[in-house]
Structures are given as C-alpha cells and as structure tokens.
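**Q** Pasting the sequence and the predicted coordinates here, then a few questions.
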Amino acid sequence: MAIVELTGVTKTYQQGKVSVQALRGVDLRVEKGSFLALAGPSGSGKTTLLNLIGGLDRPSQGDIRVDEHDFARMNQSELAELRLFKIGFVFQSYNLIPVLSALENVEFVMLLQRIGAAERRQRAEAVLAEVGLSGLLERRPLELSGGQQQRVAVARAIVSGPAIVLADEPTANLDSKTGQGLLEMMKTLNAQKGVTFIFSTHDNMVMDYARRLVLIRDGRVAEDQVKGS
Amino acid sequence: MFFKMAWRNLWRNPRRTTVILIAVVIGLWSLLFLNAFMRGAIEQMVENNISILTGHLKVQKTGYHSDPVIENSITQPDEVKGVLAKVLPKEARYTSRVRLQVVASNARHNAGVTLVGIDPEAEAEMSFIGDAPLQGRYLSADTPHKILAGRALVEKMETQLEYKLVLMGQDTQNEIASRAFRIRGIFDAELESTEKQYVFVLKQAAQDMLRMGPAVSEFSVLLPEGALLPGVAQALKEALPEGYRVYTWRELLPLMDAYLKMFDGFIYLWTVAVFIAMGFGLVNTILMTVYERMHEFGLLKALGMKSGWIIREVLAEAFLILVLGMAAGNGLGVITVEAMSGGLDLSAFAAGAEFAGMSRIIYPRIVLQDMLVANGVVFFLGLGVSLYPALKAARFTPVEAMLQT
Amino acid sequence: MSMDAKMAWRNVWRNPRRTSLTIAAITFATGLLIFSFSFQFGSYDAMINAAIQVHTGHLQIQAKGYLEDKDMRQVVEHPEAVARILKNTSDVKDYACRANAFSLIASEDRTYGGLVIGIDPIREPRVSRIKTLIRKGAYLDKAHGAQAVVGQLLARNLKVGLGDELTLLGQGRDGSIAATVVTVKGLYATGQDEFDRSTIQIPLSFFQDTYAMRGAVHEVVILGRHLDQVNQIRHRLTPKLAQIENPKPLVALTWSEIMPGLIQAIKLDLTSGFIMYSLLVIVVAFSILNTFLMAVLERTREFGVMMAIGIRPNRLTKLLLYESTVLTLMGLGVGWILGVGVTYFFQQHGIDLAGSSEILAQYGISGRLYPRLSWASMTVGPALVLIITILAALYPALRVRRLSIVDSLAYA
C-alpha cells in the first residue's frame, strides 16, 4: 500500500527576478514500511521534495497524497494537524526547543496532541529508552552531544506513531561513528515497528543503509533502485 | 570611514534600527511639543501680566512700591520724562499713569478697584486696554467724566453703559475725594480678575479728583524686542536723580519669575525622565548589534584593530541613531507646533485656567533654550550610555569571539 | 506550572542582560508614574484642604444667588433654624456662620477697600484654619466687641500694627451707612496674597449690629467628617432646607461649586499630566519593542521546527505573549514595589520644595508637600504601562504568524 504518492509534482521558486525550477515533474510512490533515501547533489531538489511531502510547502503543480490525504484539498490548519499526528520530522541540526529538556521536548508533541500528563510522561520515557537515552531525560539540548540531540529528535518524531518520518540530512553534522549509531537505531525502529523513514542525503553511509535509493538530479527522478536485503 | 561603516551596519537590520529610531523620535517630539506648550502657557501668562499695566520696567518714587499712595507720587514727571527720552532705545515706548486703590460704588453695590488715570493714546500702545474688545467707546482727550470698566465688574455691580459709578479714594490731603464717572466703555480681558480690578479714566481727571497737580504714580516702559532688560534698567538707575526707583518686571512680578524658574527646572527633570525611557532601549539595541557581530569584532581585532577603534565604531552607530532621531524628532516637533499655531483651546477648563492665571487659548512656542536642553540631554547622555556596549565590544578577545557561534 | 508558562519563563531568561535592561525600563516607568500620580494627588489634596480650611469649608448654606452677586441683602434670615437642622444631620462635624460686607477700611493715614468678614470666634476655629495662621497678636476672643484680625498685607498697606484703630465704613443690609471703629487684635497670613491683602475679620454679632443684619448671616460654613461625604451631606440637607422660611430659598453648595476654578485647575493639571505620562510610556514601549522583536527574529529557526512538528500559529502567538507578559509583569512588580516604597517614604517625610514656595503659597500650601498613595495613584500608572507594553508586544507576536515554515527552517 502506498503511503506517499506524488504525481507530476513541479515546484518553481521566485528569487527576485529569477525563477528557479527546483522540481520539474516528479512521480513517486512510497510503500508503507519503506526505508528510503532521496539522494543527489546539493541543489538537486531533494530538500524541496522532502518539504513538499511533509506539507511544509505546496507544489506549483501536481498532486501529493500522504496516508490517503490529498494535500491540495487541505488548508494550512489541516496540514498542521496532519503533520502533528501523521508525520515526524528530523532535521539536520537545531532540531530541539532549547529551553525544554529532552523529556519535555518529546512530551511537547503529545502536549500539542492534547494527551494527558501521565500518559505523556510514560510514553516519552519509554521512547527515550528505546533510542538509548534513559539516563539523560532532564538534560537541556545544550547539555547533549550532537548525536544525543538527534536521538531526541528521532524519539520526538516517532513517539506518536506517525505514518512517515522525514529526515533531512540527519547525519550531516555528526561524525561517522555517531552517524552510524543513529542510522542503526532508525533501521531497528523500521524493522521492529514498521516506521516508514524517508531521508534526504548526500552521505554515502545513509545511501548504504537505505533499502530503496531514489536519485534526484536537476529536479527529476534520475534513478530509482530497490536494493535487496 | 567610521561613519560609512556605522551607517551600513545600522541598516543591516533595518527593522531594529527603525524601532529604536522611533523611540528616539517620539521622545524628542514629545519633549519639544510639550515644552512648547508649557512654554507658551507660561510666557503668555508672563506677557499677560506685563500687559496688565506692568510693562518691562517701571519708574516709581522710592517708597511707592511698598506703600502705593498718592503721597508717594512722582511730583515732577517732566524730570523723569527727560531721562527716559535720553536713555531708552529709540523704539521703546513709555507712558505715565495715576494709580490708586479706590472704592467704586453705585446705588446698589460697592467694590474695591484700582483707578488708573491714563493718557489714552500712549496707553493703548502699551497695555492690554489697547487691544481689549470694547463695548462702547475708548477714552479720548475730551472725556474727563467718563470711565472704562471691565465686563465682570459691570455685571457684578449690575450696571451698564452710560450709567454712573462713584469712585472714592484718599487724596493728597489725606481726605476722601469722590467723583462720579459715566461708563463710556466696557472692556473684556483675558482674565476675569483683570476685568474686576481695573477702571480707567483720563490721567487729567484722576489728577483733578485727587488734587495731585501734574503728579503721576509711575512711568511704565515697554522695550523693543531684543533690548537687554538688565542693561537698560541699570542705565536708567544711573541717569535718574535721587528719590526714584527702577523696577524690572521680574521684581514687579515675583510670582511669574518663580514660575519661569520652576519651569526651567522642570524641563530638565522631564527631559532626563524621557531620556531614561529611551536610554534603556538604546543600550539594549546597541548591545544586540554588538553581540550579533562578535565574530566580526574578533576578526577586526585579529586583523590588528585596536580597542579604541572598536569603541569609536560602536559609538559612531549610537551617534548616527541619535542624530537621525533628533533630526526627525525636532522636525516633527516643529511641524506639530506649526500645525497647532492656531492655539489649544482650554475653554473646557476655562475656570481652571483662570484659577491658575493662564490664558484660555494656549499658543505653543518653541524656544531655542528648551530645544537645546532637550537635544543636549538626549545627545550627551545617549552617547554616555552607549559607552557600555562599546566597551563590551572592545573587550571581546579574538579567540573567544571566533569560538562563538 | 504549565508547559507554556515554563517555556515562557525559561525563554525570558535566555538572555539575562537584555531581559534585565528591559525589566529596568518597565520598572522605571512604573515607579515614576506611581510616584508622580501620588505626588499630584498629594498636592491636590493640599490645595483643596487649604481652600476648604481657609475659605469655603466642605459646604456652605447660602441664599440662592448670593454666590454670584455677593449682595448684602441676600441673607440666611434664620441661622438658628439652619443650626438645628445641621445638629441633626449625620456626618456634619461642625459648622459656623459668617457674614461679609465690602467696606472702606481706614487707618489714621491710609484708606483701602476690603472685605469685612463677621465670624463667630467660638465656632469659626472649628471650621477654618485662620486661628492657626495668626502671625502676630491673638485671635478674636470675644463674641462681641470692637476688635479685628487683619490680613498681614492689608495691615502693611494701612500702616497699622497691633492695638491700632481702624475705621470701617460701608453699607448696612437696609442700605443705611454702617460705620464703626475696631482695634487690631491680630494679623494673619494665609500665604495667599489676594486674601491677605483684602480681608479683615470681626466678631459676627458685632458685625450684625454694625451692618444692621438683624440676626441674619450670609453663609453657614459646614465641615463634614470627610471630604468624600460632601455630596451625601448635601443630599440630606436639601429637602430639609426647603422647609426653612427665607426671603430667597436656601441652597447647600459644595466647595467645588463655590470655587469651581480649583477643581478645574486640578482637572487641567491631571489631563496634561496624563498626556505627558502616556507619551513617556509610549517611548518606553518602543524602547522595549526591540527586545520583543529580537525574541522572535533570533528564534526563527526554532519556530520553523515547532511549526513543522505541527504547532498552530495561534499557539505560537500565545507563547510569545506569555513571554512578554512575564517580562512586563516582572517590571511592573519591581516598579510597583519601588514606586510605592519611595512614595511611602516621602509620604511620611514630605518633600521640601523650597524653590517654589512662593508659587505653592498662592495655592495655600506651605513648607513641605506630601505625596499621597491612593488606589488611583497605585493602579492608574501601572495599568497604563501594562496596556501600552502589551500593545507593543502584539506586533512581534502577530508577526510570527507570517513566518513561512520553509524559510524559517532555512534561517541560520
């Protein structure tokens, strides 16, 4: 079953007087439970594509459906609602709210979902244990290493069981060993809980881990390969 | 170079610069505008008082000031006139009057008033009575039995034009002299108290009634604009023979003098208060720009820039903000005052204005001195407090600054 | 503490230096306004009290029309009937009768016109302060007798001192000539030049004989228990006064009706003060607006992340308003404590305004001015600060709604 469906998606930015065509027609279907990497050189349009799938931005043309929801028919508020319940995000850096502790950062999403305090706490602690941060619940982001921060971000992304987790170059600011640990962890989550992950990356290690690799070049899908596992 | 850099730095974050500029502009505008209003109110008060038979200077017989009776009159007015004609600047005006506290009465009422015997033509050039709206007619040389009375007095005494008022006062022989006058004109004045206090007759008529001969109570002098009061007063003192005293309006109206001094003090206090209000914002804003540019200052230092230069660079930014804000604030202030040159009508508070001795319509007035105080305080204190962020910036070490993200 | 409040509190302290400066600005404005309003109210009180204690009392009962005309013939015919009513009216503390006549006042070699006031030497000190303002000699001590206390400036003009005689010449109630001779018993100085230059006081019954009053008076001066009760007392008196026979109906007038200038001068002063303070607070608002703005601009990326994970713009606005409210409330709190503290100190010790004593004397204020804390002075200023700062905070808080998620995420 396709959890993400893109049909004929284009995106043109207006930069001053110049219009930049970031995407020139993308068709893409992503099955539930995928572990997919969007790869390509910088400027290829992969971040734009990820933003569109996440409902952070709207396409110039084409249809996007995530978990059976047609983005074109949704207003900003409905999109926010969808992101809150169905989509998790992990960014390259500065993922977390600096004034909140690791635990509170994870709880914050559930707070927005109006989940009661007790359940919030219990689920946040559980998911932080899953990403291996049991001992660091009360640390603020500045007191955590880069890798630990990204783990908190992943915990936050998966805590409410989203349909997909979108990760924009999650390992770019990490050394390779820490990056590998993070990818291992996400792969385990994918295998055990069936969380769908979509990455954008130009990091070879991420591409190695991916089970499906979509190469983007000049705003088009240049290559789409499913690796046997 | 400093200013070019400072200027460009200011506009790296136009919104922030605009906000702090607005604070400075509103501050200065409000200072200028409020000062102009208060200055206008107070100077009008002073001018009203000067025009109410005070003038800039008065020459009286020694002793008259504390004991204003006929005995203490100037018996040889020609002597004084001669000195005035010689000493005063050409455009100065002067006149002599007879003044006496008398009782005015008619069949129904009594009231204490000041009888003023005037030379109608000269007086009209000197004091409020020349400009006052008049019902009936003004005095002229052939009206020895006519009198001008204020509207409030006429109403209080339930009388009207062409009715009689009897004046009673103490003459040169210490006897009660009385004489009846017919009301020829009813004048309106800025203050009701003026209307109640003064009645005007011909100088000659007053002299006859009080058996004074050619004597007068005082000479009043109005100086042309720009003439220096203390200098003229001094010259008069020296030129007049023994037995006379020269008073400036500041001595004649000590209360007005006190008001002016209090106001000058108040302007300083209020300017400092407004400055403090904008000073916090100024320091904060410059601090923000300094901290954002820690990298840059570190780089400049690494390139060999001395602390003093960095301080100057930051102060130049403060300088530009202040100067821009001051220019706009002053401009707006002047425009506002200009736009309100028709005056602010206090009629809603008429009785209150009267009580405080103010005019009913206040014309704002920008005075150079007030402008200098407001701008001076804001500018120098502004640069002063900007030293704090400037010193902060100068203290960043290159390494520490480069480490910051 | 809710998560939102916790976040607001922590965010406020992310930049302690900036926060402190901002709080200091709000503190300054709040403190200054509390002090200034208290100072103004204090001086109004002093002015009103001076006027009440020297001139008007809290209320006066007069014949209708006397206030405007000051006509001798418009009298309170039966003061004893009025007295009976006053004794039975609650909140009336005391009362005294007065009569006034404009007369020629002559010494041996000087003559001036002035107001001769007949007062009851026993009752008058209970409603007025003149007795305490005697600077030389003594107050009137006999209910009846040819003696007078004289305004100090009038005495100087008349060249008289204690024990000298003054001739009074005026018109009686019936139009006859009224003439008498009195001995100067004391001199008073209220500081109000106009009053000190033009009035003398003599015993009421002596006045009544001299001016053929036939037992009538012009004013019954009333002092209530408290200034605020003036209107209630008037309400109680009005129907009772209607029952007293008098040539012209009797009316009860409050001090502010007798001296409309004073209350209007106060209103004028208060209005201009309010405008000045508002402008000051607006300057403060712009001064701190940058702090609020920076709090948004610096955290653009953070807001981008929050919006990406699904926070609604409303919630973000609310969070930011919480932050500015926390800041403002801290400034208000500190400013309130400082302002009230400093004002309270001066309320106890007074402020010496020697430089302006000539001016203050004209309003009947002598020596020190005491600011007065009141509900109004403690709340109006802070409320003004609160409203204007929250208005300033609205701009960045609403601006955050216009952030685009994609741009915010790209913000370095």
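**A** Received, thanks. Numbering: from 1, shown residues only, chains lettered A, B, ... in the order given.
**Q** Show me which residues of chain A are close to chain C?
**A** A:51, A:54, A:56-57, A:77, A:80-85, A:87-89, A:91, A:94-100, A:104, A:107-109, A:111-112, A:156 (Cβ under 8 Å from any Cβ of the partner chain). Every residue, glycine included, has its C-beta placed from N, CA and C.
**Q** List only buried entries from these.
**A** Buried members of these, scored by 16 or more other Cβ atoms under 10 Å in any protein chain shown, are A:51, A:54, A:56-57, A:80-85, A:87-89, A:91, A:94-97, A:99-100, A:104, A:107-109, A:111-112, A:156.
**Q** Now, the residues you listed that are in helices?
**A** When DSSP state H is applied, these are split such that A:51, A:80-85, A:104, A:107-109, A:111-112, A:156 fall in helices.
**Q** Go through those residues and say which is closest to chain C.
**A** residue A:84 (2.7 Å; Cβ to the nearest Cβ).
**Q** Please identify the helix or strand for the residue nearest to that closest one when sequence neighbours are not counted.
**A** Nearest residue to residue A:84 in three dimensions, chain neighbours excluded: residue C:310, at 2.7 Å (Cβ to Cβ, 6 or more residues apart in numbering or on different chains). Residue C:310 is located outside every helix and strand, with elements delineated by DSSP states H and E.
**Q** before we move on, what about the one 10 residues further on?
**A** Under the criterion of DSSP H and E, residue C:320 resides in helix C:313-349.
**Q** from the chain's centre, how far out does that helix sit?
**A** For helix C:313-349, the separation from the chain centroid amounts to 27 Å (computed by Cα atoms, centre = their mean, to the nearest Å).
**Q** Which SSE is immediately downstream of it?
**A** Immediately after helix C:313-349, counting by DSSP H and E, sits strand C:351-352.
**Q** Show me what from chain C comes close to chain A.
**A** C:3, C:6-7, C:10-11, C:14, C:301-302, C:305-312, C:315, C:405-406, C:409.
**Q** In chain A, where's the longest helix?
**A** helix A:176-193.
**Q** my read: residue C:24 touches residue B:280, true?
**A** Yes. With contact defined as Cβ atoms under 8 Å, residue C:24 counts as touching residue B:280 (5.8 Å).
**Q** who's more crowded, the two?
**A** residue B:280 (26 against 19; other Cβ atoms under 10 Å in any protein chain shown).
**Q** Against residue C:335, how distant is the residue at minimal distance from the centre of chain C?
**A** Against the mean C-alpha coordinate of chain C, by Cα atoms, centre = their mean, the closest residue is residue C:44 at 2.3 Å. Distance of residue C:44 to residue C:335, given as Cβ to Cβ, to the nearest Å: 23 Å.
**Q** do the same with residue B:8
**A** 38 Å.
**Q** More neighbours: those two, which one.
**A** The residue with more neighbours, out of residue B:8 and residue C:335, is residue C:335; 25 against 9, by other Cβ under 10 Å.
**Q** confidence score at that one?
**A** We have a pLDDT of 96 for residue C:335.
**Q** Now for the spatially most central residue of chain B: which residues touch it?
**A** Central residue of chain B (Cα atoms, centre = their mean): residue B:43, 1.9 Å from the mean position. Going by Cβ atoms under 8 Å, 6 or more residues apart in numbering or on different chains, residue B:43 touches B:365, B:367.
**Q** Mind telling me what element it is part of?
**A** Per DSSP H and E: helix B:14-51 holds residue B:43.
**Q** again with residue B:324
**A** helix B:307-339.
**Q** That helix near chain C anywhere?
**A** No. With Cβ under 8 Å from any Cβ as the criterion, chain C is not reached by helix B:307-339; the gap is at least 10.6 Å.
**Q** so how far is that helix off the chain centroid?
**A** With Cα atoms, centre = their mean, you get 28 Å for helix B:307-339.
**Q** Could you list every helix and strand in contact with the next helix or strand after that helix?
**A** Next helix or strand after helix B:307-339 toward the C-terminus (DSSP H and E): strand B:344-345. Counting contacts by 3 or more Cβ pairs under 8 Å, 6 or more residues apart in numbering or on different chains; DSSP states H and E, strand B:344-345 packs against strand B:361-362.
**Q** Adjacent strands (with direction) for the strand it packs on?
**A** With DSSP bridges as the test, strand B:361-362 is paired with strand B:344-345 (antiparallel).
**Q** as a whole number, average confidence for the strand it pairs with?
**A** Strand B:344-345 comes out at a mean pLDDT of 85.
**Q** what's the helix or strand following it in contact with?
**A** The helix or strand immediately downstream of strand B:344-345 is helix B:350-356, counting by DSSP H and E. For helix B:350-356, contacts defined as Cβ under 8 Å, 6+ apart pick out B:191-193, B:346, B:359-360, C:259-269.
**Q** Can you give the distance from helix B:350-356 to the centre of its chain?
**A** Put simply, helix B:350-356 sits 17 Å off its chain's centre (Cα atoms, centre = their mean).
**Q** just stretch C:349-367 next, same as before
**A** Here the centre of stretch C:349-367 is set off from its chain's centre by 15 Å, with Cα atoms, centre = their mean.
**Q** pLDDT below threshold where in the chain?
**A** Defaulting to chain A. A:228-229 (pLDDT under 70).
**Q** my bad, the chain I had in mind was chain B
**A** Checking chain B against pLDDT under 70 turns up B:398-405.
**Q** and with 50 instead?
**A** B:405 (pLDDT under 50).
**Q** Strands of that one, start to end?
**A** B:57-61, B:93-105, B:110-118, B:134-136, B:146-150, B:164-170, B:176-187, B:198-202, B:218-222, B:244-248, B:344-345, B:361-362 (DSSP state E).
**Q** Next: the stretch 101-250 of chain C.
**A** C:111-119, C:134-137, C:147-151, C:165-171, C:177-188, C:199-203, C:219-224, C:250-254 (DSSP state E, counting those that start in this stretch).
**Q** Is it possible to get TSV of those strands that adds mean pLDDT?
**A** TSV is the format used below for the strands of the stretch 101-250 of chain C (pLDDT from 0 to 100):
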stretch	mean pLDDT
strand C:111-119	91
strand C:134-137	91
strand C:147-151	95
strand C:165-171	92
strand C:177-188	93
strand C:199-203	95
strand C:219-224	94
strand C:250-254	94
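**Q** looking at these, which is closest to residue C:368?
**A** Between residue C:368 and the strands of the stretch 101-250 of chain C, the shortest gap by Cβ to Cβ is with strand C:134-137, which sits at 19.0 Å.
**Q** What pairs with that closest one, parallel or antiparallel?
**A** Short version: by DSSP bridges, strand C:134-137 pairs with strand C:177-188 (antiparallel).
**Q** Strand C:199-203 and the partner strand, what's the angle between them?
**A** 100 degrees (axes from the mean of the first three to the mean of the last three Cα atoms, to 10 degrees).
**Q** what sits up against the helix or strand containing residue A:222?
**A** In this assignment (DSSP H and E), residue A:222 forms part of strand A:220-226. If you take Cβ under 8 Å, 6+ apart as the criterion, strand A:220-226 is touched by A:23-28, A:40, A:211-216.
**Q** And stretch C:154-163, by the same measure?
**A** So stretch C:154-163 is in contact with B:66-68, B:101, C:105-110, C:112, C:114, C:136-137, C:150, C:166, C:183-187, C:196-200, going by Cβ under 8 Å, 6+ apart.
**Q** try it again with 10 Å
**A** B:66-69, B:101, C:105-112, C:114-115, C:136-138, C:148-151, C:164, C:166, C:183-189, C:195-200 (Cβ atoms under 10 Å, 6 or more residues apart in numbering or on different chains).
**Q** what residues go with each domain of chain C?
**A** C:3-52+C:262-410, C:65-248 (automatic domain parsing).
**Q** how much distance is there from the longest one to the middle of the chain?
**A** In other words, domain C:3-52+C:262-410. 24 Å.
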